[in-house]
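Novice: sequence first, then the predicted structure:
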Amino acid sequence: MGEPIVIHALVAKRAELAGQVLDLDRQKAVLKAQLQTIDEALAIFGYARSPDDIKPRRAANRLFKRNELARLLRRDGGQGANREIALRLMAVKGWNAADRELADKVTDSVKGAKRWHGGAEADR
């Protein structure tokens, strides 16, 4: 008797994820080697402090394209609480409104955009 389809699918998925872990391990090793090379170059050029004191910087993960949020807010009218506006914009974008983390990020973006846009209008 052969394996049930569920077991076959789970084995395939596990193999896929294990491959991704191996790829990430390789990428991590390459990045660590690059960091070591930069640390050595810093020492050669006289950097006196420990390279570990340099704060890591992460790439920004943008939710909206340039000016997209402002356009969406203009179309929406911007009436209501920031959370309500964010949920409406998420619906327009086709995003899952049940994702609380994403909804919080969109709400923060709406709040910032309204604050920035309101400040610009006040200066006029």
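Specialist: Here it is on my side, so go on. Numbers count the residues shown, from 1 in each chain.
Novice: tell me the SS of the spatially most central residue of the chain?
Specialist: Taking Cα atoms, centre = their mean, the centroid of the chain lies closest to residue 61, which sits 3.3 Å from it. Reducing the assignment at residue 61 to three states with DSSP: H, G, I helix; E, B strand; the rest coil gives coil.
Novice: please report how far it lies from residue 105.
Specialist: The spacing between residue 61 and residue 105, counted by Cβ to Cβ, to the nearest Å, is 9 Å. Every residue, glycine included, has its C-beta placed from N, CA and C.
Novice: joint contacts of these two?
Specialist: Counting by Cβ atoms under 8 Å, 6 or more residues apart in numbering, residue 61 and residue 105 have no common neighbour.
Novice: for residue 55, give me phi and psi.
Specialist: As for residue 55, its main-chain torsions (degrees, to the nearest 10) stand at phi -70, psi 130.
Novice: give me the pLDDT for it.
Specialist: As summarised for this prediction, residue 55 has a pLDDT of 92.
Novice: just give me the neighbour total for it.
Specialist: The number of residues packed near residue 55 is 5, by other Cβ atoms under 10 Å.
Novice: cool, and residue 48?
Specialist: Neighbours of residue 48 under the rule other Cβ under 10 Å: 6.
Novice: name the SS class of it, please.
Specialist: coil.
Novice: and if you look at residue 95?
Specialist: State at residue 95, reduced to three classes by three-state DSSP: coil.
Novice: now residue 38: closest residue in space, sequence neighbours ignored.
Specialist: Distances taken as Cβ to Cβ, 6 or more residues apart in numbering place residue 51 nearest to residue 38, at 7.5 Å, with adjacent residues excluded.
Novice: tell me the contacts of that neighbour?
Specialist: When contacts are counted by Cβ under 8 Å, 6+ apart, residue 51 touches 35, 38-39, 42.
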